[in-house]
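Colleague: this is the structure alone, sequence omitted:
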């Protein structure tokens with residue numbers, strides 16, 4: 001099982017979608033049960049991965065690698081190659097969890113074309129998992145595009161009044177970025193053939209040759225190539241000013257679509273930055289040349305900070321709850337990109353953890369908004385007030401998730417934001433100082449929203465007989481609450497999982513950055529510290545062949 005566990009996790013949702021093809025569309029209950037069974041099976045199937053990965057968390061390279069380069073389409077050098085490290089491991093676990101929660105939350109929300117809805121949702125789940133597992137660029141691009149169509153249909157068929165506009169906007173934005181990324185992939189592909197004499201899409205090979213583009217073709221070509229990937233990933237995050245598709249998509253999407261869009265799809269952009277942009281183009285990020293007075297890295301930081309502040313300020317102005325949560329995603333994801341381009345181990349670790357936190361907290365916020373919308377069919381804040389009087393359990397869970405989203409200590413959001421800001425301050429205190437107001441503004445718009453919706457007396461007669469959460473609805477929140485408190489109270493296991501891939505990525509992106517001399521494994525888990533990132537070859541899939549060199553510790 002261990003040899004093929006990634007394929008099992010990857011294709012379990014797709015198997016459910018294929019089985020649903022043979023179920024009569026009139027039998028809606030059977031369709032719901034089957035879809036929920038396979039969504040839960042995907043989650044349960046990923047749980048054995050946890051102890052397996054934990055045993056290998058400090059080992060170098062990717063784990064559970066399946067396949068070999070060129071074994072799929074040998075004529076072009078494309079292979080079915082899967083593998084994960086600590087970063088992709090956490091994102092895969094988040095995907096299987098939110099996939100099950102999203103499908104469970106759809107039980108009563110979807111009444112039309114139920115069969116097609118669940119089929120496309122399960123196909124979407126497979127596409128997202130494939131993005132985080134693929135170690136072949138051609139395979140990665142197939143999965144990247146494969147998730148585009150299901151999400152387009154989920155918004156365009158089961159969305160709100162402006163669903164077609166939102167779906168087409170989402171599709172065009174994402175497709176435009178994908179086309180630019182495809183050009184970049186082809187450039188890397190032909191450049192590798194020029195250097196090594198072999199056509200391949202293997203990341204193992206491209207990690208070796210991609211950084212040489214800077215010296216082979218010059219800084220201008222390397223920067224343009226960096227931008228071809230940047231636009232694809234920035235649109236997906238979305239970074240300011242490429243965010244305009246997001247509020248429309250969120251507002252018009254069904255509740256489950258918004259949960260999976262915010263919880264997982266947006267992380268594909270940040271994952272792309274970490275997996276490809278940093279190790280492929282280290283010289284572009286460190287290049288002192290400027291455009292309009294700022295380096296490429298400076299522009300990344302600037303856009304991240306603008307996104308943090310802009311998203312928070314616009315959230316304060318919203319009258320629609322779902323649009324408020326959508327713009328809050330722009331702000332929160334700004335922290336994630338800030339941590340990435342701070343290019344410090346703390347910043348990068350905090351960024352990945354905050355991506356997980358955002359999936360937990362914002363996924364819960366969209367569920368919260370969806371529950372009220374199912375009962376009242378309106379998301380206007382002015383329509384509510386005093387909801388805590390008639391839905392006390394709902395109000396309690398909402399308060400916890402609001403506090404989680406705003407970064408209250410002892411909950412998950414605090415750990416991620418604090419680590420990002422710490423890593424950013426270490427690099428440049430001005431960057432951190434500009435980002436800090438985003439934390440205060442998050443508390444402002446979330447607490448103000450809670451005050452208007454939940455406090456006071458029930459002034460609208462339509463809200464007087466709202467029923468509290470059902471057991472099924474509570475079940476969708478329980479795992480999110482557990483994760484929020486777990487990460488907030490004891491985040492050490494998550495940082496241990498991230499330590500090795502983060503140090504490795506920083507070593508590739510900033511070879512001159514001082515690497516830690518002591519690994520976390522020496523803090524009690526084992527007596528032998530595994531190799532640090534300094535002992536890696538430029539090939540992340542190759543094991544370390546020599547003892548780690550003694551690195552200078554940064555005081």
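Modeller: That came through fine. What you see is a predicted model, and the numbers here were worked out from it, not measured in a lab. Numbering: from 1, shown residues only.

Colleague: where in the chain is pLDDT low?
Modeller: Residue ranges of the chain with pLDDT under 70: 1-2, 289-293, 516-555.

Colleague: all strands for it, in order.
Modeller: With DSSP state E as the criterion, the chain has strands at 63-66, 82-84.

Colleague: residue 205: neighbouring residues, count only.
Modeller: 22 (other C-beta atoms under 10 Å). The C-beta positions use only the backbone N, C-alpha and C, and glycine is treated the same way.

Colleague: grab the longest helix from the chain for me.
Modeller: Counting residues, the longest helix found in the chain (DSSP state H) is helix 163-196.

Colleague: elements contacting it?
Modeller: In this structure, helix 163-196 packs against helix 137-146, helix 148-158, helix 203-209, helix 213-217, helix 219-236, helix 245-252, with contacts taken as 3 or more C-beta pairs under 8 Å, 6 or more residues apart in numbering; DSSP states H and E.

Colleague: just the buried residues of stretch 416-431, please?
Modeller: For stretch 416-431, burial by neighbour count (16 or more other C-beta atoms under 10 Å) applies to 416, 417, 418, 419, 420, 421, 422, 423, 424, 425, 427, 431.

Colleague: can you give me the angle the longest helix of the chain makes with helix 245-252?
Modeller: With axes from the mean of the first three to the mean of the last three C-alpha atoms, to 10 degrees defining the directions, helix 163-196 sits at 140 degrees from helix 245-252.

Colleague: buried residues in helix 163-196?
Modeller: Those would be 163, 166-167, 169-171, 173-174, 177-178, 180-182, 184-185, 187-189, 191-192, for helix 163-196 by 16+ other C-beta under 10 Å.

Colleague: now stretch 376-387
Modeller: Quick answer for stretch 376-387 (16+ other C-beta under 10 Å): 376, 379, 381, 383, 384, 385, 386, 387.

Colleague: wait, the third one sits on residue 320?
Modeller: Okay, so that is residue 381. Yes. The criterion here is C-beta atoms under 8 Å, and residue 381 meets it with residue 320 at 7.3 Å.

Colleague: quick one, which residue of the chain lies the farthest from its center?
Modeller: Ranked by distance from the centre of the chain (C-alpha atoms, centre = their mean), the top residue is residue 461, with 40.2 Å.

Colleague: how about the contacts made by residue 269?
Modeller: 232, 233, 234, 235, 236, 237, 238, 239, 333 (C-beta atoms under 8 Å, 6 or more residues apart in numbering).

Colleague: now those: which count as buried?
Modeller: 232, 233, 234, 235, 236, 237, 238, 239, 333.

Colleague: leaving out sequence neighbours, find the closest residue to the third one.
Modeller: When the adjacent residues along the chain are set aside, residue 234 lies closest to residue 242, with 5.0 Å between them (C-beta to C-beta, 6 or more residues apart in numbering).

Colleague: isn't the one you found right up against residue 231?
Modeller: Yes. Counting by C-beta under 8 Å, residue 231 is a contact partner of residue 242 at 7.4 Å.

Colleague: what's the closest non-adjacent residue to residue 316?
Modeller: In space, and not counting its chain neighbours, residue 316 is closest to residue 445: 4.7 Å by C-beta to C-beta, 6+ apart.

Colleague: try residue 125
Modeller: In this structure, residue 125 finds its nearest non-sequential neighbour in residue 13, 3.9 Å apart by C-beta to C-beta, 6+ apart.

Colleague: what sits against that neighbour?
Modeller: By C-beta under 8 Å, 6+ apart, the contact set of residue 13 is 38, 39, 42, 99, 122, 123, 125, 126, 129.

Colleague: and with 10 Å instead?
Modeller: Residue 13 makes contacts with 35, 38-39, 41-42, 45, 95-96, 99-100, 103, 121-129, as judged by C-beta atoms under 10 Å, 6 or more residues apart in numbering.

Colleague: and for residue 480?
Modeller: The neighbours of residue 480, taking C-beta under 10 Å, 6+ apart as the test, are 97-98, 101, 263, 359-361, 363-364, 367, 397, 400-401, 404, 412.

Colleague: ok so, going back, and the residue nearest to residue 316, how far from residue 323?
Modeller: 11 Å (C-beta to C-beta, to the nearest Å).

Colleague: number of nearby residues for the nearest residue to residue 313 once chain neighbours are set aside?
Modeller: Of all residues not flanking residue 313 in the chain, residue 441 sits nearest, at 6.5 Å (C-beta to C-beta, 6+ apart). The local packing of residue 441 (other C-beta under 10 Å) involves 20 other residues.

Colleague: residue 441 contacts residue 315, correct?
Modeller: Yes. Between residue 441 and residue 315 there is a contact at 7.6 Å, judged by C-beta atoms under 10 Å.

Colleague: so what's the residue count around residue 454?
Modeller: 21.

Colleague: check contacts around it.
Modeller: 384-389, 391-392, 394-396, 398-399, 402.

Colleague: one step back: overlap in contacts of residue 445 and residue 323?
Modeller: Applying C-beta under 10 Å, 6+ apart, one finds that residue 445 and residue 323 are jointly contacted by 314, 315, 317.

Colleague: re the thing from before, what's the closest of the buried ones among the contacts of residue 269 to residue 198?
Modeller: residue 232 (25.3 Å; C-beta to C-beta).

Colleague: ok, that closest one touching residue 177?
Modeller: Yes. The criterion here is C-beta under 10 Å, and residue 232 meets it with residue 177 at 3.6 Å.

Colleague: and for these two, which residues touch both?
Modeller: Counting by C-beta under 10 Å, 6+ apart, the residues touching both residue 232 and residue 177 are 144, 242, 269, 272.

Colleague: count of neighbours near residue 55?
Modeller: Residue 55: 9 neighbours (other C-beta under 10 Å).

Colleague: list the contacts for residue 192?
Modeller: Residue 192 makes contact with 77, 198-202, 205-206, 208-210, 212-213, according to C-beta under 10 Å, 6+ apart.

Colleague: kindly recompute the last result at 7 Å.
Modeller: The contact partners of residue 192, by C-beta atoms under 7 Å, 6 or more residues apart in numbering, come to 200, 205, 206, 209.

Colleague: quick one on the thing from earlier: looking at residue 445 and residue 323, which one has more neighbours?
Modeller: Of the pair residue 445 and residue 323, residue 445 is the one with more neighbours under other C-beta under 10 Å, namely 25 against 20.

Colleague: from residue 119, how far out is the more buried one?
Modeller: With C-beta to C-beta as the criterion, residue 445 and residue 119 are 37 Å apart.

Colleague: and residue 44, by the same measure?
Modeller: Plainly put, residue 44 is 21 Å away from residue 119 if you go by C-beta to C-beta.

Colleague: thinking again about what came up before, out of the helices and strands packed on helix 163-196, nearest to residue 277?
Modeller: Each of these was scored for nearness to residue 277 using C-beta to C-beta, and the closest is helix 219-236 (5.4 Å).

Colleague: elements contacting that closest one?
Modeller: On a contact count with 3 or more C-beta pairs under 7 Å, 6 or more residues apart in numbering; DSSP states H and E, helix 219-236 meets helix 163-196, helix 213-217, helix 267-272, helix 282-286.

Colleague: where do the helices of the stretch 401-550 of the chain begin and end?
Modeller: Using DSSP state H, counting those that start in this stretch, the helices of the stretch 401-550 of the chain run over 412-427, 429-435, 437-454, 471-489, 492-509.

Colleague: please consider this matter closed, and thank you.
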